[in-house]
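Undergrad: coords please:
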Amino acid sequence: MNLKKLFHIQHDGQKEMIQPVLSISLGEKNFSFAISNAQANQLYHLASFSADEMNIEVLAEILSLHPEASASFYKVSVCYCYPQHILVPQDYYSNENFGELFKSVHGVLAGKNIVSESMIDWQLNDIYTVPQGVQQFLMRRYPSASFKNFPTLALKNLDNNEDGLLKVDFGVDEFELVAVNQNKLLLAERFEYATPHDVIYELLNLCNAYSLSQYKVQLRITGLVDKDSALYKEMYQYFMNIEFRNATWSHEDHPAHFFTVLNDIARCAL
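TA: So this is what the prediction gives:
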C-alpha cells in the first residue's frame, strides 16, 4: 500500500460547518479532499495522501482514517486527474463512437471505464478513463456527487491573454499543464518529473512548438512549489511572468496556492 499522508489541516472545532461542501481530487497515486463552506472561502478540513496506487482498498483506508469525509454534505464534487485522455472537437464527436475514438489513441485499457465530458465553452469533448472499481466505490460512497476531469476544471473562468497562458499545478512528482493562447486551447496534459530540468524542458518545448515567447507568456502556478524551492528558481531563470494563483480560503501554516485546485473544485460546486 505504501500510503503516505502529505498534509492534514483541521479547524479548531469552534467553527460551525454551514452547508459543508466536500471537494475531492483523485489521480493514479494521489488523493486529496477538502471540506469547506458553500462559498469556498472558509476551510474546515483538508488532507492529502500519496500511494503507489490509489485503488479501492487504499481509498477505504483513507476514509476510515478521516470519518469527517463520510459525513452528510451540501454538495460533493470529484475531480479526476488521470493521465489518459483525448480532447475531441464537437464536429468529430458522437455519443456512439467516443469509446472507439479513445481506443484508437490509447488502445484497450483493461479494468477502466471510458467517460465522456462536454466542454461547451471550448466546443470540445474530453474523453478519459477511470478505474472501474474506483468509480463504483466513489459513486456508492457519494451517490449525489458530481464528477469532472481536470482539463474541464482548469479551463473554467480563464481570462484572455494575447501572449499565452500556462497553468501549471504541481504534485509530488508530477504536474498538470494547460496551455491557452488567444482563446484557443493548445495543450492539456499531465507530466511526470524527477528534477527541475524536466519541468523546464516540457515548458520550453511547448513554447517552441506553439511559438510562445518565454519572456511574454504568463506562467500561473499552483500546487506544491514555493519561491524558495529549486524548481521555482529554475523556472524564474527562463520565464519573466510568473505568479502564484491563490485559493479563496487561506491557512496560516501553508502557502495559499498549495491547495488551489481543491478550492477550484469547491467553487465549481457553487
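Undergrad: Against Ala256, how distant is Ala38?
TA: Applying C-beta to C-beta, to the nearest Å, the value for Ala38 to Ala256 is 20 Å. Just so you know, the C-beta spots here come from the backbone N, C-alpha and C atoms, and that holds for glycine as well.
Undergrad: next one: Gly107
TA: In terms of C-beta to C-beta, Gly107 sits 41 Å off from Ala256.
Undergrad: ok, now Asn149?
TA: Computed with C-beta to C-beta, the distance linking Asn149 and Ala256 is 25 Å.
Undergrad: Could you measure from Asn95 over to Asn125?
TA: 9 Å.
Undergrad: which non-adjacent residue is nearest Ser118?
TA: With sequence-adjacent residues excluded and distances taken as C-beta to C-beta, 6 or more residues apart in numbering, Ser118 is closest to Asn125, at 5.6 Å.
Undergrad: One more: His251?
TA: His251's closest residue in space is Ile9 (C-beta to C-beta, 6+ apart), at 5.5 Å.
Undergrad: go on, Glu243?
TA: Using C-beta to C-beta, 6+ apart and skipping residues adjacent in sequence, the residue nearest Glu243 is Arg220, 5.9 Å away.
Undergrad: which helices and strands does the host helix or strand of the one you found pack with?
TA: Here Arg220, judged by DSSP states H and E, is contained in strand 218-223. Applying 3 or more C-beta pairs under 8 Å, 6 or more residues apart in numbering; DSSP states H and E, one finds that strand 218-223 contacts strand 165-170, helix 230-238, strand 241-244, helix 260-268.
Undergrad: Neighbouring strands of that strand in the sheet, and parallel or not?
TA: Its sheet considered, strand 218-223 pairs with strand 165-170 (parallel), strand 241-244 (parallel) by DSSP bridges.
Undergrad: Which parts of this structure are helices?
TA: 56-65, 98-106, 132-141, 150-154, 196-209, 230-238, 260-268 (DSSP state H).
Undergrad: The residue nearest to Ser118 touches Ile114, doesn't it?
TA: No. With contacts counted by C-beta atoms under 8 Å, Asn125 stays clear of Ile114, the gap being 11.8 Å.
Undergrad: Can you pull out the low-pLDDT segments for the stretch 1-150 of the chain?
TA: 1, 12-15 (pLDDT under 70).
Undergrad: what's the burial count for Asp268?
TA: That one is not Asp; residue 268 is Cys. 18 (other C-beta atoms under 10 Å).
Undergrad: right, and it touches Ala154 too?
TA: No. Counting by C-beta under 8 Å, Ala154 is not a contact partner of Cys268; they are 10.8 Å apart.
Undergrad: re earlier: most neighbours per residue, which of the helices and strands packed on strand 218-223?
TA: Most buried of the helices and strands packed on strand 218-223, by mean neighbour count (mean count of other C-beta atoms under 10 Å): helix 260-268, with a mean of 24.
Undergrad: residues in contact with Glu176?
TA: Contact analysis of Glu176 by C-beta atoms under 8 Å, 6 or more residues apart in numbering lists 81, 150, 154, 167-169, 188-190.
Undergrad: Likewise for Phe49?
TA: Here Phe49 is in contact with 3-6, 30-32, 58, 62 (C-beta under 8 Å, 6+ apart).
Undergrad: got TSV for those residues, with neighbour count too?
TA: Below are the contacts of Phe49 laid out as TSV (neighbours: other C-beta atoms under 10 Å):
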residue	neighbour count
Leu3	15
Lys4	12
Lys5	12
Leu6	14
Asn30	18
Phe31	22
Ser32	24
Val58	20
Ile62	19
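Undergrad: so of the residues you listed, which ones are in strands?
TA: Among those, DSSP state E puts 4-6, 30-32 in strands.
Undergrad: What is the nearest of those residues to Leu43?
TA: Ser32 (12.4 Å; C-beta to C-beta).
Undergrad: you'd agree that closest one is up against Ala47?
TA: Yes. Ser32 is in contact with Ala47 according to C-beta under 8 Å; the separation is 6.9 Å.
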